[in-house]
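>>> When you get a sec, could you give me coordinates for this:
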Amino acid sequence: MINEGTKAPAFPQLTAHAGKTVVLYFYPKDDTTGCTVEACELRDAYPALKKRKAVVLGVSPDSQKSHDKFATKFSLPFKLIPDEDHKIALAYGVWQEKSMYGRKYMGIVRTTFIINPAGVVTKIFTKVKPKGHAAEVLAAL
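Predicted coordinates for the structure are as follows:
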């Protein structure tokens, strides 16, 4: 896991926003209950996030096609990044073993990173609860 105060691991979509504050949020799956709540709250907070000059990037293991469908369905104004090979999630330490109903599997641990214009992680939200998360992010900016 990355720590606050360390340089954020680079990937093309992050590098494209160099010099800006980035809200990078990792979520498990498009169009599922918790992920939809989180995405829609960030969508609703987007004007306030933009006022604070923040860019929002969402990352999950879903395909670009799945992301496009999800973004269209819920009018998401920010970029969703496919991470089908889990390279970005692994770099950020959020691809971890999880457990559901006694079954262990690998998956995304819902986490948000705030990255400053210098590319340094200034805030990490771990084990994010989707409801109310956008307000937490706004308060941290």
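>>> okay, the residue located most distally from the centre of the chain: pLDDT?
Distance from the C-alpha centroid of the chain peaks at Gly102, with 26.6 Å (CA atoms, centre = their mean). What the model reports as pLDDT for Gly102 is 87.
>>> Check Met1 too.
For Met1, the model assigns a pLDDT of 69.
>>> Now do the lengthiest helix in the chain: distance to the chain's middle.
Longest helix of the chain, by residue count under DSSP state H: helix 33-51. Taking the mean of its C-alpha atoms, helix 33-51 sits 11 Å from the chain's own mean (CA atoms, centre = their mean, to the nearest Å).
>>> contact partners of that helix?
Here helix 33-51 makes contact (CB atoms under 8 Å, 6 or more residues apart in numbering) with 23, 25, 27-29, 56, 58, 60, 70, 74-78, 110, 128, 130-135, 137-138, 141. All C-beta atoms are positioned from the backbone trio N, CA, C, and that covers glycine.
>>> so who does the residue nearest the centre of the chain touch?
Nearest to the geometric centre of the chain sits Tyr25, at 1.1 Å (CA atoms, centre = their mean). Residues counted as contacts of Tyr25 (CB under 8 Å, 6+ apart) are 38, 42, 56-59, 110-113, 128.
>>> Out of those residues, which is nearest to Leu90?
Taking CB to CB as the measure, Leu90 sits nearest to Val59 out of the contacts of Tyr25, at 11.4 Å.
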